[in-house]
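Novice: need a structure here:
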Amino acid sequence: MRVTSDLFVASLTRRVFAEGGYAAVLRRGAREAGAVFVIARGRDGTATLLGPAAQTDYDAAKPSERLFSQVVECQGDDGPIDERLQLEERFDPDFWVVEIEPAGRTEDLITIR
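Specialist: Residues are numbered from 1 along each chain as shown. A predicted model of the protein is given here:
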């Protein structure tokens with residue numbers, strides 16, 4: 001059984017802060033099952049939008065794990081990220097957006113496919 005979206009977001013933000021990074025919830029979605037998007041900011045000015053991975057990426061042995069895939073990556077200009085999130089809002093308005101600036105690697109916080 002997968003944890004609820006609000007519990008996952010709370011856990012992620014706590015882990016980021018515990019490791020010396022920064023996290024903020026920019027948008028709250030459906031509490032139980034809203035899709036979660038993560039904006040991972042690097043200290044070099046890059047920003048990567050990570051979204052839910054395709055269902056085909058899930059392993060039957062670990063169906064409860066949340067997987068993410070890279071949606072957009074940009075340098076300096078957040079326009080492409082904003083555009084992609086606007087498209088998502090038209091499709092499904094119940095999604096979460098969490099922005100993180102991890103002290104270490106993003107891959108140590110969430111699973112990216």
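
Novice: Tell me where the chain has helices.
Specialist: Taking DSSP state H, the helices of the chain run over residues 5-18, 79-91.

Novice: Which strands and helices lie in contact with the helix or strand of the chain with the lowest mean pLDDT?
Specialist: Evaluated with mean pLDDT, DSSP states H and E, the helix-and-strand set of the chain has its lowest mean pLDDT in strand 111-112, which scores a mean of 83. In terms of contacts (3 or more C-beta pairs under 8 Å, 6 or more residues apart in numbering; DSSP states H and E), strand 111-112 is packed against strand 67-75. The C-beta positions use only the backbone N, C-alpha and C, and glycine is treated the same way.

Novice: Run through the neighbouring helices and strands of the strand it packs on.
Specialist: Judged by 3+ C-beta pairs under 8 Å, 6+ apart, the packing partners of strand 67-75 are strand 46-52, helix 79-91, strand 111-112.

Novice: tell me the contacts of the nearest residue to Gln75 once chain neighbours are set aside?
Specialist: In this structure, Gln75 finds its nearest non-sequential neighbour in Thr46, 5.4 Å apart by C-beta to C-beta, 6 or more residues apart in numbering. Counting by C-beta atoms under 8 Å, 6 or more residues apart in numbering, Thr46 makes contact with Glu73, Cys74, Gln75.

Novice: Sketch out the low-pLDDT regions of this structure for me.
Specialist: Applying pLDDT under 70 to the chain picks out residues 1, 55-64.

Novice: Check the gap between Val36 and Tyr22 for me.
Specialist: 17 Å (C-beta to C-beta, to the nearest Å).
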